[in-house]
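**Q** got a predicted structure plus its sequence, pasted below:
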Amino acid sequence: MVPGRNPIICQNDTITLSSSISGISYKWNTNQTTKSIIVSLAGKYKLTLTDVNGCIGVSPEIEVKVNQLPQFTINSSKNPPVFCDRDSSLLTPSINGIKYQWNTNQSTKNIYVKSTGKYILTLTDNNQCSNSNSVDVLVNILPKVKANSSTNEICFGESITLLVVVRIYIIGQME
């Protein structure tokens, strides 16, 4: 049978087990009757084959193992990941991997973000299994401050009253 002995796949992946010998009938221990089967579950598989001469052969057992996908969250140095313009937040996964790929095209474990958006990380573990997770970041615009006075000139030692107007812009909210 092809592939090699006792293959290991990742959760949600499949592998094709196939006879390298031609026959007139095939019967897998899964009750499938095709030359090849597609496997996604861990287990032991073997094939009974009948050739053109009526001879019956049984393959050696192949044990397929399935590795779980890495499970992680994305942590932010700002919790929740909401902050003001001109600030930033450090995003980092809750577990270590051997490969990191962010939707920002960065391939480091940690990234600094300064913009509103959804940040997605695909993390690959030491079993070569990959999984993705995301975090939504909200950056609030700084308020605009304007000060007005009744006079444009002031002498040393004098005082005036300033009227301050603050405009706050809300660009979104976290769910």
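**A** Okay, I see it.
**Q** switch to C-alpha atoms for all contacts and neighbour counts from now on
**A** Will do.
**Q** then stretch 42-49 to PDB, C-alphas only?
**A** Output of stretch 42-49 as PDB, limited to C-alpha atoms (Å, rounded to 0.1, in the frame of the first residue of the first chain):
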ATOM      1  CA  ALA A  42      -6.700   8.100  13.000                       C
ATOM      2  CA  GLY A  43      -6.900   4.300  12.900                       C
ATOM      3  CA  LYS A  44      -5.500   1.100  11.500                       C
ATOM      4  CA  TYR A  45      -6.200   0.300   7.900                       C
ATOM      5  CA  LYS A  46      -5.600  -2.800   5.800                       C
ATOM      6  CA  LEU A  47      -6.700  -4.100   2.400                       C
ATOM      7  CA  THR A  48      -7.800  -7.500   1.200                       C
ATOM      8  CA  LEU A  49      -7.200  -7.900  -2.600                       C
END
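**Q** tell me how far it lies from the chain's centre.
**A** Computed by Cα atoms, centre = their mean, to the nearest Å, the chain-centroid distance of stretch 42-49 equals 33 Å.
**Q** tell me which element the residue nearest in space to the middle of the chain falls in.
**A** Closest residue to the average C-alpha location of the chain: Ser132 at 0.9 Å, with Cα atoms, centre = their mean. Ser132 is part of strand 130-140 when elements are defined by DSSP states H and E.
**Q** any chance you could list what contacts stretch 62-74?
**A** The contact list for stretch 62-74 (Cα atoms under 8 Å, 6 or more residues apart in numbering) reads 5-11, 40-46, 91-95, 123-125, 127, 129-131, 133-135.
**Q** now, which of these lie within strands?
**A** Per DSSP state E, strands hold the following members of these: 8-10, 43-45, 91-93, 123-124, 130-131, 133-135.
**Q** re the thing from before, narrow the contacts of stretch 62-74 to just the buried residues.
**A** Buried by 16 or more other Cα atoms under 10 Å: 8-11, 40-42, 45-46, 91-93, 123-125, 129-130, 134-135, out of the contacts of stretch 62-74.
**Q** so what strands line up beside the strand holding Ser132?
**A** Strand 130-140 has the following strand partners under DSSP bridges: strand 82-84 (parallel), strand 117-124 (antiparallel).
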